[in-house]
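>>> the sequence and its predicted three-dimensional model are supplied below.
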Amino acid sequence: ETGVTQTPRHLVMGMTNKKSLKCEQHLGHNAMYWYKQSAKKPLELMFVYSLEERVENNSVPSRFSPECPNSSHLFLHLHTLQPEDSALYLCASSLGTGTNNEQFFGPGTRLTVL
Amino acid sequence: RKEVEQDPGPFNVPEGATVAFNCTYSNSASQSFFWYRQDCRKEPKLLMSVYSSGNEDGRFTAQLNRASQYISLLIRDSKLSDSATYLCVVRRGGGFKTIFGAGTRLFVKA
């Protein structure tokens, strides 16, 4: 059973709504990640946090705002999204950010923007 | 050109068959390589890391060719439960750069 949980599992929102995705890891890891997986496209890395500090932001639009209050929790705040933002949003964690560190994924939040 | 490219398939094979997937990467600074497996509507899970010397885990063998910039995955004696999408993953830049391929879809049939 995965040590990374995500809530909600499904979310439908309008373009004017504000919502937040939550991720929690129970593995004692120090790094956390947000990925986006759109239909028929590869996973895209959005944000990387190491020890609660954002270390990577891959040119993600400002309507996506991450927050990492501690090493176990990661949020993705959403506002004024577009229909093309509909996708599976996956959270992952790893012991560190070194290239050999295995990333463990949560089950994802399937987001639909109307 | 995509930084990590995979044949999308699908590969349709009978049980017991041997099947091989290739993945090419374009950035020579790539440092670490992995194969992940993703079942339909589920999260990706690590299948195996890929080392220069090649590595084997049961029916699965992974190879890395740095000179030609590709990695491969060989599955022997395919099982129905091997049906999934196999994702090639390349990491560099201290791990901050993690690039996934689009995946290769495998169907194993009885």
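The structure has been received and is ready for your questions.

>>> need the residue closest to the centroid of chain A.
When chain A is reduced to its mean C-alpha position, the nearest residue by CA atoms, centre = their mean turns out to be residue A:34, at 2.9 Å.

>>> what's it in contact with, if anything?
Taking CB atoms under 8 Å, 6 or more residues apart in numbering or on different chains as the contact definition, residue A:34 lies against A:23, A:45-47, A:66, A:74, A:76, A:89-91. Every residue, glycine included, has its C-beta placed from N, CA and C.

>>> go again with 10 Å.
Shown here is residue A:34, whose contacts under the criterion CB atoms under 10 Å, 6 or more residues apart in numbering or on different chains are A:21, A:23, A:44-49, A:58, A:60, A:64, A:66, A:68, A:74-76, A:89-92.

>>> can you narrow these down to the ones near chain B?
Among these, the residues lying close to chain B (CB under 10 Å from any CB of the partner chain) are A:44-45, A:48, A:58, A:90-92.

>>> got TSV for these, with pLDDT and distance to residue B:82 too?
As requested, the ones next to chain B among the contacts of residue A:34 are exported to TSV (pLDDT from 0 to 100; distance: CB to CB, whole Å):
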residue	pLDDT	distance to residue B:82
A:44	93	26
A:45	92	27
A:48	92	31
A:58	74	32
A:90	97	22
A:91	97	26
A:92	96	23
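
>>> just the buried residues of these.
Among the ones next to chain B among the contacts of residue A:34, the ones that count as buried by 16 or more other CB atoms under 10 Å in any protein chain shown are A:44-45, A:48, A:90-92.

>>> is it possible to get JSON lines of those residues that adds distance to residue B:69 and secondary structure?
Formatted as JSON lines, the entries for these read as follows, by distance: CB to CB, whole Å; DSSP: H, G, I helix; E, B strand; the rest coil:
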{"residue": "A:44", "distance to residue B:69": "21", "secondary structure": "strand"}
{"residue": "A:45", "distance to residue B:69": "20", "secondary structure": "strand"}
{"residue": "A:48", "distance to residue B:69": "24", "secondary structure": "strand"}
{"residue": "A:90", "distance to residue B:69": "27", "secondary structure": "strand"}
{"residue": "A:91", "distance to residue B:69": "30", "secondary structure": "strand"}
{"residue": "A:92", "distance to residue B:69": "25", "secondary structure": "strand"}
